[in-house]
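S.K.: just the structure for this:
(chains A, B, C and D)
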Number of protein chains: 2
Amino acid sequence: MRADILESALRLFAAHGFRGTSLQDIASDVGCSKASLLYHFTNKDTILSELFAPIGHEFETLLQRLAPLQGEEAARAAVAGVVDMSLRFRRQVKILLLDVDALLDHPELPCVDDVTEALVDAMVGRVPEQEPRVAGWMALLGIFLTTARGVAIPDETMRAELTSGAFRTLGLSS
Amino acid sequence: MRADILESALRLFAAHGFRGTSLQDIASDVGCSKASLLYHFTNKDTILSELFAPIGHEFETLLQRLAPLQGEEAARAAVAGVVDMSLRFRRQVKILLLDVDALLDHPELPCVDDVTEALVDAMVGRVPEQEPRVAGWMALLGIFLTTARGVAIPDETMRAELTSGAFRTLGLSS
DNA sequence: GACAGAACTGTCCGATCGGTCAGTTATCGT
DNA sequence: ACGATAACTGACCGATCGGACAGTTCTGTC
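M.R.: Residues are numbered from 1 along each chain as shown, chains lettered A, B, ... in the order given. Now for the predicted structure:
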């Protein structure tokens, strides 16, 4: 039942956003009462936290794996990591994009700004100038949103296209 | 006063989303009563419609300008047009991204899906395969989101970086 | 100063939200 | 069969939302 609730919540949050989905919406989708949701989860935020728990750790390990790398090597690893996580957690990414501002102060998920800044750093190098960072943001956000939007092709094809596209954006040979 | 209301609404909608901003929030920001808002505008949706009215026409003329072009010429013109509109209407773009699903059925603004699909067509050509379209989506969404997010550089520098970045994503020489 | 109309506001309304709680039903070891 | 515990629910609560409406204040004209 907990699993059913989480599955429905993930689908509805991704479709209509966190704020755009009421507990009653989830309950109707699951086929139980609203009170039953709050029996399994203390409140609405807890449901969200549970959905985002896995990706918090994964992003942390990705950043650790990226930390010692530099230059083109770091950029290619960052792209591969971001593409992989976007494909595996595309619905969570969509939730994050739909309700960024409301979810930023959410304690459970790591500070999104810090993580994304670190990923851009890995893609374009730790340069003080802002100009090269634009390409990094374009690559990062392009991957996230294109995955969240969804294109009617198999996952592995999508992975290859996203990776080569991001490489081109960053000026790397693909 | 109407202008003050629209300015406050635009800023608040861009910061917290359409659904995340109440009429009371806007009234407090303007410094008037909620009832006063509803004297100048028939309802909350009308405020949003007025904010999006200009960009509807602009996107239409952009698509008309793009229609006769083909190949690389069309792609370069599409990128230039999208970059230009993103920079000029960055707050509207952000609103659209924050509340896509809730705003899709909004009658005032043109069907977002149709417009974006046409822009991707212009960028990658009207090909039946889905694979090349991924790069188109990456370029389009990369421009939109990077602009909406904001980078601390002058507009004209941003324009140049966004344009060359999108060209690279699409495999065009910049 | 009197008047008309625009501009504005306080107050109320129904709907919906997240959340609480007492009470009911199902499950299971003994 | 029975009691304990988990699972679940209907009814309710306070807060907040978008919006309606009667009444008040401001502003310009004669």
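
S.K.: for the lengthiest helix in chain A, output the C-alpha coordinates as CSV.
M.R.: For chain A, the helix with the greatest residue count under DSSP state H is helix A:44-66. Output of helix A:44-66 as CSV, limited to C-alpha atoms (Å, rounded to 0.1, in the frame of the first residue of the first chain):
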residue,chain,number,x,y,z
LYS,A,44,2.3,15.5,2.4
ASP,A,45,5.9,16.7,2.7
THR,A,46,6.9,13.3,3.9
ILE,A,47,5.6,11.6,0.8
LEU,A,48,7.7,14.0,-1.3
SER,A,49,10.8,13.4,0.9
GLU,A,50,10.5,9.7,0.4
LEU,A,51,10.3,10.1,-3.4
PHE,A,52,13.4,12.2,-3.4
ALA,A,53,15.4,10.2,-0.8
PRO,A,54,17.2,8.0,-3.3
ILE,A,55,18.3,10.8,-5.7
GLY,A,56,19.8,12.8,-2.9
HIS,A,57,22.5,10.2,-2.2
GLU,A,58,23.1,9.5,-5.9
PHE,A,59,23.8,13.1,-6.6
GLU,A,60,26.2,13.2,-3.7
THR,A,61,28.2,10.2,-4.9
LEU,A,62,28.2,11.7,-8.4
LEU,A,63,29.7,14.9,-7.1
GLN,A,64,32.3,12.9,-5.2
ARG,A,65,33.2,10.9,-8.3
LEU,A,66,33.5,14.2,-10.2
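
S.K.: can you check what angle separates the next helix or strand along the chain from that helix from helix A:44-66?
M.R.: Downstream of helix A:44-66, the first helix or strand assigned by DSSP states H and E is helix A:71-88. Angle of helix A:71-88 versus helix A:44-66, following axes from the mean of the first three to the mean of the last three Cα atoms, to 10 degrees, is 150 degrees.

S.K.: packing partners for helix A:71-88?
M.R.: helix A:44-66, helix A:112-124, helix A:131-149, helix A:155-169 (3 or more Cβ pairs under 8 Å, 6 or more residues apart in numbering or on different chains; DSSP states H and E). All C-beta spots, glycine's among them, are computed from the backbone N, C-alpha and C.

S.K.: alpha carbons of the third one, as PDB, please.
M.R.: The C-alpha trace of helix A:131-149 is given here as PDB (Å, rounded to 0.1, in the frame of the first residue of the first chain):
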ATOM      1  CA  GLU A 131      30.500  33.700 -20.000                       C
ATOM      2  CA  PRO A 132      31.600  30.000 -20.400                       C
ATOM      3  CA  ARG A 133      29.100  29.000 -17.700                       C
ATOM      4  CA  VAL A 134      26.200  29.800 -20.100                       C
ATOM      5  CA  ALA A 135      27.100  26.700 -22.200                       C
ATOM      6  CA  GLY A 136      27.300  24.600 -19.000                       C
ATOM      7  CA  TRP A 137      23.800  25.700 -18.000                       C
ATOM      8  CA  MET A 138      22.400  25.100 -21.500                       C
ATOM      9  CA  ALA A 139      23.800  21.600 -21.500                       C
ATOM     10  CA  LEU A 140      22.700  20.800 -18.000                       C
ATOM     11  CA  LEU A 141      19.200  22.300 -18.300                       C
ATOM     12  CA  GLY A 142      18.800  21.000 -21.800                       C
ATOM     13  CA  ILE A 143      19.400  17.400 -20.600                       C
ATOM     14  CA  PHE A 144      17.100  17.800 -17.600                       C
ATOM     15  CA  LEU A 145      14.200  19.300 -19.400                       C
ATOM     16  CA  THR A 146      14.400  17.300 -22.600                       C
ATOM     17  CA  THR A 147      14.300  14.100 -20.500                       C
ATOM     18  CA  ALA A 148      11.500  15.400 -18.300                       C
ATOM     19  CA  ARG A 149       9.500  16.400 -21.400                       C
END
